[in-house]
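> Let's see this in three dimensions:
(chains A and B)
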There are 2 protein chains.
Amino acid sequence: MSIVVMKFGGSSVADADKIRAAARRAIAAHEKGQQVAMVVSAMGDTTDDLEKLAYQVAANPDKREWDQLMVTGEQVTISLMAMALRDLGVPAISFTADQIGMVTDGVHTKARLLRINARRIRRELDEGKIVIIAGFQGVTANGDMTTLGRGGSNVTLVAIAAALKAQQCENYTDVDGVYTADPRIVPTARKLASISYDEMLELASLGANVLHNRAVEFAKKYRVPIHVRNSQNENQGTLIVAETAAMENIVVRGAALKDKLARITLRHLPDRPGVVARIFHVIAEADIVVDDILQTVNPAGRATVSFTIDLRELNDALTVCERLKNDFTDLEISHVTDLAKVSVVGVGMRVHTGVAERMFKALADAKINIENITTSEIKISCIIDREQGPEALRLVHDAFDLGTGPLKETRKRGKKRAGRASK
Amino acid sequence: MSIVVMKFGGSSVADADKIRAAARRAIAAHEKGQQVAMVVSAMGDTTDDLEKLAYQVAANPDKREWDQLMVTGEQVTISLMAMALRDLGVPAISFTADQIGMVTDGVHTKARLLRINARRIRRELDEGKIVIIAGFQGVTANGDMTTLGRGGSNVTLVAIAAALKAQQCENYTDVDGVYTADPRIVPTARKLASISYDEMLELASLGANVLHNRAVEFAKKYRVPIHVRNSQNENQGTLIVAETAAMENIVVRGAALKDKLARITLRHLPDRPGVVARIFHVIAEADIVVDDILQTVNPAGRATVSFTIDLRELNDALTVCERLKNDFTDLEISHVTDLAKVSVVGVGMRVHTGVAERMFKALADAKINIENITTSEIKISCIIDREQGPEALRLVHDAFDLGTGPLKETRKRGKKRAGRASK
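Model (predicted):
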């Protein structure tokens, strides 16, 4: 019998009506003869409310107790969802992570899944019940509650789908799927029919706020295809799938803009091994996430290191860098705010040439200055002035025909290299 | 090492400030060198809010899921309490019922405790931690969440105190203790220094809203003395303890008023075995709680049965009684609303005579008509007109010198029968 696992995020279960709507969607699949498991998040702002409470009682809440508190959010939703389903006439049962043995390590607030016992879920599915599972949470072998960190509910979705060997894994959100670019900035942006795990990983870390990387990595590892779709309509969404050869026919799958970046530059560093390691060790210890790093060596044998970070972390980062003056006496620190990063992503870049050139030309024609460039096998990023970010995104989107070209790769197996954009 | 178990009800943990106040009280005991376990309820209106949510998604919420939902209320409080304690510098750890093996039967919404595993609690106490336990909840051997029904948090308190063989069991509420009568009605009412389990049981079922009977029965069974006291001050409260011989020196310990009663009378019933059983079987099946029952047989060999119930259940009860006409063709049903019940309670009644007479005279002198009388070994109740309820309570309270007489029994062992009020 075919198994579908559906995940409903916080905005899709924000109130009683939405819970009942989600329940009806699960029932529709159940009525088609499918076995249905649901993964649900905490309702709307519940997690924020719980966080506020925690900071009201303690300046620095204990992490074990933080998780013990947070897991209640999802527990409320699972029980309400089961009640709603039963009220609509379908047998249903809810489970916390603990009740189905969703075992994690003991790293509170960002635990990693170790194993899932799918037996109990299977038994209930075989009895015809819709099974509702609390997302985002786990339990240690010791019985302590844990949470899986940002994007944790999607990790649960993928893990449950993998454990059940589900035929379908559906992630219901408040958008129609993954777009060629953010439609709020690029009016011609279109929904993608499919995207590879690696492309999704790049887009997510470049600013596309659809699925958190940990969930995608997990899906890639277990080869679980994720269908991202809208809980408010019946439209086909976007399939996040393993890469196929045909996917390389499309040069660029999507474009993304990361806004509100700052760049810190450290000058007059000694050019010897270990210097860069020391710098980024100190920054990582302060929990500051570094975006891109550039290093140059000038003639005098002194190195210059630049790195971009989220603007909100600038002050913390500068404080940390000041401390480096104890290690490097000549160190000069400067910074630039108001930067943005525009990127294009596509597995087609591996086989098509001229991609970087096309991107740079589109920006140059509009007199947009490129401050830094970073690349990976399947993406090119340009750091630009923040004010020009939205325009740059639209230009790049146009330059690669993302608003007009084919959305689905044509099956030209064996010929793909012939289609190379050798311009 | 001396162990104290403290329970804080919903109003004593209603917000962050109150949680921190409760935490400080636990710390004060901890600093005296005691081992401290806390049992806490859901914050303020949390349970009501969860109930509302349940009824928004389902007309008749499933009971397993109801419990799965409700237990989150206490789980929020335990984790916040542990955070607050740690923030105040004292090691602490919180446990759900599941985490400490508080095993119940599977009767959802009113489960009965089967066993507690005190080992984990003891280990944490021995490490110097304050241990916080979620009240009101349990878990089945199967891992399903359960709740213990009304007064459930106090059942948890007593059960934990019994399992730990605690020297002290403190129930923190928003009143100073158990009073000779409700001080909102009787201005001269005074706080009792102590009261026996049986007296407390009678008073609770007669309308005194301090401790639910199940908790008191549990305390009596395991001989756990409960100290009822105010979380807002340091006053000595009331000890609920096993009966001592000296307790019989006080004739009446307290008086209570149960308001908003209705009486249903069934006439022309056949006077044969099984009739009354049939009637109350039907009423019990409808979950209607019957207060007092009176039966008389008139000369024609027809029986009359009267019973009092909570006014709010009158309509349901009348509907059920109508159905009895199928069994008893001549049945005549009538009812009276606007009744109240005034009662006096005291183990001293066992050895002192004239108690009923003194009560009846106090009411008669004020021209208060007594509609029915019911008695037990340690209480006398009179059904009266509802409007006269508060006055009746004050009169009876005065008649037994509850506002002026000794609050603590004098130790006149062996002589107590000599002090009999033979008036």
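> what about stretch A:16-30 and chain B, touching?
Yes. Stretch A:16-30 is in contact with chain B by CB under 8 Å from any CB of the partner chain, via A:16, A:19-20. From N, CA and C alone the C-beta is placed, and that goes for glycine too.
> List of residues touching that stretch?
A:4, A:6, A:8, A:11-13, A:36, A:38, A:40, A:43, A:77, A:80-81, A:84-85, A:88, A:90, A:130, A:172, A:231, B:53, B:56-57 (CB atoms under 8 Å, 6 or more residues apart in numbering or on different chains).
> Swap in 7 Å and give it another go.
Stretch A:16-30 has contacts (CB atoms under 7 Å, 6 or more residues apart in numbering or on different chains) with A:4, A:6, A:8, A:12-13, A:36, A:38, A:80-81, A:84-85, A:88, A:90, A:130, A:231, B:53, B:56-57.
> swap in stretch A:222-230?
A:158, A:161-162, A:168-178, A:210-211, A:219, A:235, A:237-242.
> Give me the neighbour count for residue A:289.
11 (other CB atoms under 10 Å in any protein chain shown).
> what's the spacing between it and residue A:324?
18 Å (CB to CB, to the nearest Å).
> and what of residue A:188?
In terms of CB to CB, residue A:188 sits 45 Å off from residue A:324.
> The two: which is more packed in?
residue A:324 (17 against 14).
> tell me the pLDDT at that one?
In this model, residue A:324 is scored at 91, pLDDT.
> do the same with residue A:408
For residue A:408, pLDDT reads 64.
> next one: residue A:423
You'll see residue A:423 listed with a pLDDT of 34.
> same question, residue A:210
For residue A:210, the pLDDT comes out at 73.
> After the helix or strand harbouring residue A:133, which helix or strand is next? Please name it.
Assigned by DSSP states H and E, residue A:133 belongs to strand A:130-134. For strand A:130-134, the succeeding helix or strand toward the C-terminus, using DSSP H and E, is strand A:137-139.
> Now tell me what touches the helix or strand just after that following strand from outside.
Where DSSP H and E defines the elements, the next helix or strand beyond strand A:137-139 is strand A:145-147. Here strand A:145-147 makes contact (CB under 7 Å, 6+ apart) with A:67-68, A:70-71, A:104, A:106, A:108-109, A:111, A:136-140.
> Run through those and flag the ones next to chain B.
Residues of these in contact with chain B (CB under 7 Å from any CB of the partner chain): residue A:68.
> Which pair in the contacts of strand A:145-147 has the greatest spatial separation?
A:106 and A:136 (16.4 Å; CB to CB).
> Narrow the contacts of strand A:145-147 to just the buried residues.
Among the contacts of strand A:145-147, those buried by neighbour count (16 or more other CB atoms under 10 Å in any protein chain shown) are A:67-68, A:70-71, A:104, A:108-109, A:111, A:136-140.
> Closest one of the residues you listed to residue A:406?
If you rank these by distance to residue A:406 using CB to CB, residue A:136 comes first, at 37.3 Å.
> The closest one and residue B:370, how far apart?
Taking CB to CB, one finds residue A:136 at 62 Å from residue B:370.
> Residue A:20 too?
54 Å.
> Give the residue from the two that has the larger number of neighbours.
Between residue A:20 and residue B:370, counted using other CB under 10 Å, residue A:20 has the larger neighbour count: 21 against 16.
> Let me know whether my guess that the more buried one is in a helix holds.
Yes. Counting by DSSP: H, G, I helix; E, B strand; the rest coil, residue A:20 falls inside a helix.
> helix/strand/coil for residue A:38?
Three-state call for residue A:38 (three-state DSSP): strand.
> If it is in a bridge, with which residues?
Legend: beta-bridge partners of residue A:38 under DSSP bridges are residue A:6, residue A:132.
> Helices of the stretch 101-250 of chain A, start to end?
A:119-126, A:152-164, A:197-205, A:213-222 (DSSP state H, counting those that start in this stretch).
> sorry, back to before: in helices only, show me the contacts of stretch A:16-30.
Per DSSP state H, helices hold the following members of these: A:80-81, A:84-85, B:53, B:56-57.
> so what pLDDT did residue A:411 get?
pLDDT, residue A:411: 47.
> Next one: the residue nearest to residue A:160 when sequence neighbours are not counted from residue A:125, what distance?
Among residues not flanking residue A:160 along the chain, residue A:5 sits closest, at 5.2 Å (CB to CB, 6 or more residues apart in numbering or on different chains). In this view, residue A:5 and residue A:125 are 10 Å apart by CB to CB.
> shared neighbours, the two?
In contact with both residue A:5 and residue A:125: residue A:37, using CB under 7 Å, 6+ apart.
> As JSON lines, the residues of stretch A:16-30 next to chain B with distance to residue B:205 would be great.
Below are the residues of stretch A:16-30 next to chain B laid out as JSON lines (distance: CB to CB, whole Å):
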{"residue": "A:16", "distance to residue B:205": "37"}
{"residue": "A:19", "distance to residue B:205": "39"}
{"residue": "A:20", "distance to residue B:205": "41"}
